[in-house]
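Asks: Quick check, what structure comes out for this input:
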Amino acid sequence: MKHFIWSALWAIVILLLTCLPMGGATENIPVFEGIDKLVHTGFFFVFSVLLCFGFSSKNKTRNASWITVCIVAIISVAFGLLTEFLQYQFFTYRSGDWWDFFVDVVGTGMGVFSYLVLHRNYR
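Replies: Residues are numbered from 1 along each chain as shown. Model (predicted):
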């Protein structure tokens, strides 16, 4: 479990920020129309990268593993689906959105791609 501390903490941050009411939290921040999608993409990019590094440090590998890629993709996509389901079903002040889930998957893909490209050079 020690290898996944950062990804677990980041998952808690994602859950809190996607399920809490935003209210006037963006009043002093310059906002554009697609900022929500960009934030979702960034959340899941970081989450999938942290998961990849957790698995690679746990397995002590120098090469990118396709098993790791598949496991990380499944965990990240399932977590994205969970967050959108929670927003849709339980939180009346938030709404689950298929486009948010789509960009969660895009962020996951970007993170996994970064792992595949940069893992060998990082080690």
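Asks: from here on, contacts and neighbour counts on C-alpha atoms
Replies: OK.
Asks: Now the helix or strand harbouring residue 76: buried residues?
Replies: Residue 76 is located in helix 66-89, with elements delineated by DSSP states H and E. Residues of helix 66-89 classed as buried by neighbour count (16 or more other CA atoms under 10 Å): 68-69, 72-73, 75-77, 79-81, 83-88.
Asks: Give me the packing partners of that helix, helices and strands only.
Replies: Helices and strands touching helix 66-89, by 3 or more CA pairs under 8 Å, 6 or more residues apart in numbering; DSSP states H and E, are helix 5-19, helix 35-59, helix 98-122.
Asks: how close does the spatially most central residue of the chain get to residue 63?
Replies: By CA atoms, centre = their mean, the mean C-alpha position of the chain lies nearest to residue 44, the distance being 1.9 Å. Separation of residue 44 from residue 63 (CA to CA, to the nearest Å) stands at 23 Å.
Asks: and residue 38, how many residues sit next to it?
Replies: 14 (other CA atoms under 10 Å).
Asks: try residue 20
Replies: For residue 20, the neighbour count with other CA under 10 Å is 12.
Asks: where's it relative to residue 14, distance?
Replies: Here the criterion is CA to CA. By it, residue 20 lies 10 Å from residue 14.
Asks: could you check the angle helix 66-89 makes with the least confident helix or strand in the chain by mean pLDDT?
Replies: In the chain, the helix or strand scored least confidently by mean pLDDT, DSSP states H and E is helix 98-122, which has a mean of 86. Interaxial angle of helix 98-122 relative to helix 66-89 (axes from the mean of the first three to the mean of the last three CA atoms, to 10 degrees): 150 degrees.
Asks: For helix 98-122, name the packing helices and strands.
Replies: Using 3+ CA pairs under 8 Å, 6+ apart: helix 98-122 touches helix 35-59, helix 66-89.
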